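Participant: just coords:
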């Protein structure tokens, strides 16, 4: 998963996968079927892990709004890394790389975005109930806005944006929740 996440599907060779996984070609095919099926398994795992982590962090957060802000600021922390080590979000990367060219991969990405939207919507609704996010705005639309914001932030971070710039952008995003 980390190799696909760092390099993307197309740029990851079978030889690199075999080396990282410590498998022979026949073992990879017997265990996963193909490079594409392995990739889909990785996306599925990423989706599940991401949702579990987000649900756990939201449960522990002081508020829904603080959860959202910390989530967004994690990308500022990633901006401290050298550009070649910035991975972004596997779902966003895959959506950009495949652009609906493969229906199986598109289905996984769409499912991942649906789960992310649900997780973010839970945070927005909590923030609205706590009085820290405007109840006048639709929680679903705010969740979609946050997904679009995450996509933009991850793209500029991968492109070289520095931590301070990302923090400034996050501050503007958070104002939109008022």
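Facilitator: Thanks, I have the structure now. From a predicted model like this one, the values you see are computed outputs, not experimental measurements. Numbers count the residues shown, from 1 in each chain.

Participant: Okay, and the residue nearest to residue 23 when sequence neighbours are not counted sits in which element?
Facilitator: Distances taken as Cβ to Cβ, 6 or more residues apart in numbering place residue 31 nearest to residue 23, at 7.2 Å, with adjacent residues excluded. (Each C-beta comes from the backbone N, C-alpha and C, glycine too.) When elements are assigned from DSSP states H and E, residue 31 belongs to helix 25-32.

Participant: Identify all contacting residues around that helix.
Facilitator: Under the criterion Cβ atoms under 8 Å, 6 or more residues apart in numbering, residues 14, 17-18, 21, 23, 38, 41 lie in contact with helix 25-32.

Participant: Can you get me a residue count around the residue nearest to residue 23?
Facilitator: The number of residues packed near residue 31 is 12, by other Cβ atoms under 10 Å.

Participant: That one and residue 15: what is the separation?
Facilitator: 17 Å (Cβ to Cβ, to the nearest Å).

Participant: the helices in this protein, which residues?
Facilitator: 2-7, 14-21, 25-32, 35-60, 64-78, 90-98, 103-129, 139-158, 163-175 (DSSP state H).

Participant: For the ones you listed, give me CSV that also has mean pLDDT and distance to residue 84.
Facilitator: Shown next, in CSV, are the helices of the chain (pLDDT from 0 to 100; distance: least, Cβ to Cβ, whole Å):
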stretch, mean pLDDT, distance to residue 84
helix 2-7, 91, 9
helix 14-21, 93, 16
helix 25-32, 90, 26
helix 35-60, 94, 21
helix 64-78, 95, 12
helix 90-98, 91, 14
helix 103-129, 95, 24
helix 139-158, 95, 10
helix 163-175, 96, 16
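
Participant: Wait, residue 47 touches residue 114, no?
Facilitator: No: under the criterion of Cβ atoms under 8 Å, residue 47 makes no contact with residue 114, lying 9.3 Å away.

Participant: Local confidence estimate at the residue lying closest to residue 159 once chain neighbours are set aside?
Facilitator: When the adjacent residues along the chain are set aside, residue 159 lies closest to residue 83, with 7.8 Å between them (Cβ to Cβ, 6+ apart). For residue 83, the pLDDT comes out at 84.

Participant: so how far is residue 35 from residue 83?
Facilitator: Distance of residue 83 to residue 35, given as Cβ to Cβ: 27 Å.

Participant: So these two - more neighbours on which side?
Facilitator: residue 35 (16 against 11).

Participant: and the more buried one, what is it in contact with?
Facilitator: Here residue 35 is in contact with 9, 12, 14, 17 (Cβ under 8 Å, 6+ apart).

Participant: Does the last one touch residue 2 like I think?
Facilitator: In this case it means residue 17. No: in terms of Cβ under 8 Å, residue 17 does not count as a neighbour of residue 2; the distance is 11.1 Å.
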